[in-house]
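The following block contains a protein sequence and its predicted model.
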Amino acid sequence: MYRCFREFGNVPLQQIGMNVKIWVDNPITTLFQELDKRKHPNFQGGYEPIPDIVLFSPEIEGDFRRRNRENTLRHMLMAIEVKASERENARLRPGEIIRDLEKLKAFQNEASRRRSYFVPTMIIVDTAPEENEKMLASSLEEVAYHAEKLNVGLFYLNSDEDKRWEWDTSKLSI
């Protein structure tokens, strides 16, 4: 995925990060508050979402380290979670994807309260070689419903020409 953004999307190296740790102090969303409370008391006071891929504005200048956390949050353009069908004899299930959609939405809400705006996005790569490992159509419909309700971008990629599905990203707003 990272390579596709770099090579085919022409995203400059200084504007793309993988597994970027972004500190959100004193969370205001219920979800981030709950996740913060699960930590040892000595480490509470914030939550650190770690999106799979983050696209940044040029102003970040490649410096998206933990210690540059204010700029990291401020210069985010897109936070992307990726789910891939990589389990032997198991499918991607809607529950885990919906949970990530909720985290992305909470993260967007936290950022907007800090005057930072980005597009939350989920990419599902469903290219499992066996039919019993691919997502069910009903599961995908459930995920699509939640993505639209939460206003999170959703892309579904697979290798089956007959089952191509995409979400209308024109509905997405920040």
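Okay, I see it. Numbering: from 1, shown residues only.

From here on, just use CA atoms for contacts and neighbour counts.
OK.

helix/strand/coil for Leu55?
strand (DSSP: H, G, I helix; E, B strand; the rest coil).

Can you give me every residue that contacts it?
15-17, 76-79 (C-alpha atoms under 8 Å, 6 or more residues apart in numbering).

And it, how far from Arg93?
Relative to Arg93, Leu55 is positioned 27 Å away (C-alpha to C-alpha, to the nearest Å).

Helices along this structure, start to end?
2-7, 30-37, 69-74, 94-113, 137-150 (DSSP state H).

any idea of the mean pLDDT in the longest one?
Which is helix 94-113. Helix 94-113 shows a mean pLDDT of 96.

Counting neighbours, which bits of it end up buried?
Buried residues in helix 94-113, defined by neighbour count with 16 or more other C-alpha atoms under 10 Å: 94, 97-98, 100-111.

Show me what it is packed against.
helix 30-37, strand 76-84, strand 119-126, helix 137-150 (3 or more C-alpha pairs under 8 Å, 6 or more residues apart in numbering; DSSP states H and E).

Surely Val143 and Leu92 touch.
No: Val143 lies out of contact with Leu92 (C-alpha atoms under 8 Å); the separation is 10.8 Å.

how close does Met135 get to Ala84?
For Met135, the distance to Ala84 equals 10 Å [C-alpha to C-alpha].

Which one's more surrounded, those two?
Met135 (21 against 16; other C-alpha atoms under 10 Å).

Can you list phi and psi of the more buried one for me?
phi -60, psi 140 (degrees, to the nearest 10).

do Pro12 as well
Torsion angles at Pro12 (phi, psi; degrees, to the nearest 10) stand at phi -60, psi 150.

quick one: it and Arg6 touch, right?
Yes: taking contacts as C-alpha under 8 Å, Pro12 lies within contact range of Arg6: 6.5 Å.

what residues are up against Glu81?
Neighbours of Glu81 in contact, by C-alpha under 8 Å, 6+ apart: 51-53, 100, 121-123.
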